[in-house]
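Enquirer: Model the structure of this input:
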Amino acid sequence: MVGLQSLVVTAPDEIRDELIGLTPRRMVRTCAELSPESSPTTPAEAAIAGLRMLARRYEHLELEAKLLGAQIAALVRLACPELLDLFGVGPEIAATVLVAVGDNGGRLSSERALAKVCGVAPRDASSGRQQRHRLNRGGNRQANQALHTLVVVRLRSHTPSRQYMARRLAEGKTKKEVMRCLKRYVAREIYATIQHGLADAKQPRTA
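Expert: Below you'll find the predicted structure:
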């Protein structure tokens with residue numbers, strides 16, 4: 001999309017004026033419908049050909065991303081559908097965590113182990129009379145980012161998380177420290193959900 005917008009900015013005036021005020025989606029659609037010359041010979045014709053090519057490539061990649069997203073969602077529902085019931089957990093976050101779990105299946109005997117794999121296990125950072133902890137920067141960075149995204153989503157629209165943030169800030173904690181605590185909490189919640197899903201899967205099915 002950045003390449004398309006850059007080409008619009010540098011296009012001849014008659015082309016730029018028609019496209020510059022459009023929303024990104026409308027710009028893509030309009031450029032994809034352009035009819036370039038088979039052998040462009042002017043700057044305007046070359047710009048039209050380039051805009052159409054980039055727009056159609058963008059549409060193709062967007063469609064491919066949607067298809068892959070649907071496949072990921074289907075696999076998550078097959079592996080552990082309970083994860084999608086957690087507030088703020090979508091297919092991408094769930095899939096990222098499940099991949100981390102699958103890559104470290106033999107090591108995840110507790111929720112503390114999952115927190116360590118995801119890089120959200122606290123490490124002591126106390127000095128003198130000040131008692132503090134910080135996050136372990138090791139672990140799976142993709143899973144860590146997934147948990148970070150989940151916490152950010154919850155802080156926007158999840159009332160218990162917002163209340164927790166406000167309470168801990170009032171106690172003198174920094175925002176980073178509260179985020180650390182929330183990441184640790186969601187790791188615990190996700191671990192319990194996965195374990196519950198595995199237990200259900202092992203239950204014999206009755207006819």
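
Enquirer: and the top helix by length along the chain, what's its mean pLDDT?
Expert: When the chain is parsed with DSSP state H, its longest helix is helix 43-79. Model confidence over helix 43-79, given as mean pLDDT, is 93.

Enquirer: can you check stretch 6-14 too?
Expert: 86.

Enquirer: contact partners of it?
Expert: Residues from elsewhere that reach stretch 6-14, judged by C-beta atoms under 8 Å, 6 or more residues apart in numbering: 15-16, 19-20, 27, 31, 43-44, 47, 50-51, 54. (C-beta placed from N, C-alpha, C; glycine too.)

Enquirer: returning to that earlier point: tell me which residues in the longest helix of the chain are buried?
Expert: 44-55, 58, 72-73, 76, 79 (16 or more other C-beta atoms under 10 Å).

Enquirer: Including distance to residue 96, could the contacts of stretch 6-14 go into TSV?
Expert: Below are these laid out as TSV (distance: C-beta to C-beta, whole Å):
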residue	distance to residue 96
15	41
16	40
19	36
20	37
27	31
31	33
43	45
44	45
47	39
50	35
51	35
54	29
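
Enquirer: Which residue ranges make up the domains of the chain?
Expert: What the record gives for the chain is the domain set 2-70, 81-202, from automatic domain parsing.

Enquirer: elements contacting the longest helix of the chain?
Expert: On a contact count with 3 or more C-beta pairs under 8 Å, 6 or more residues apart in numbering; DSSP states H and E, helix 43-79 meets helix 2-10, helix 13-19, helix 24-32, helix 91-103.

Enquirer: most neighbours per residue, which of those?
Expert: helix 91-103 (a mean of 20; mean count of other C-beta atoms under 10 Å).

Enquirer: Please enumerate residues in contact with that one?
Expert: Under C-beta under 8 Å, 6+ apart, the answer for helix 91-103 is 69, 72-73, 75-76, 79-80, 83-84, 108, 114, 117-118, 140, 142-143, 145-147, 149-150, 190, 194.

Enquirer: For residue 117, see how far away residue 75 is.
Expert: Here the criterion is C-beta to C-beta, to the nearest Å. By it, residue 75 lies 20 Å from residue 117.
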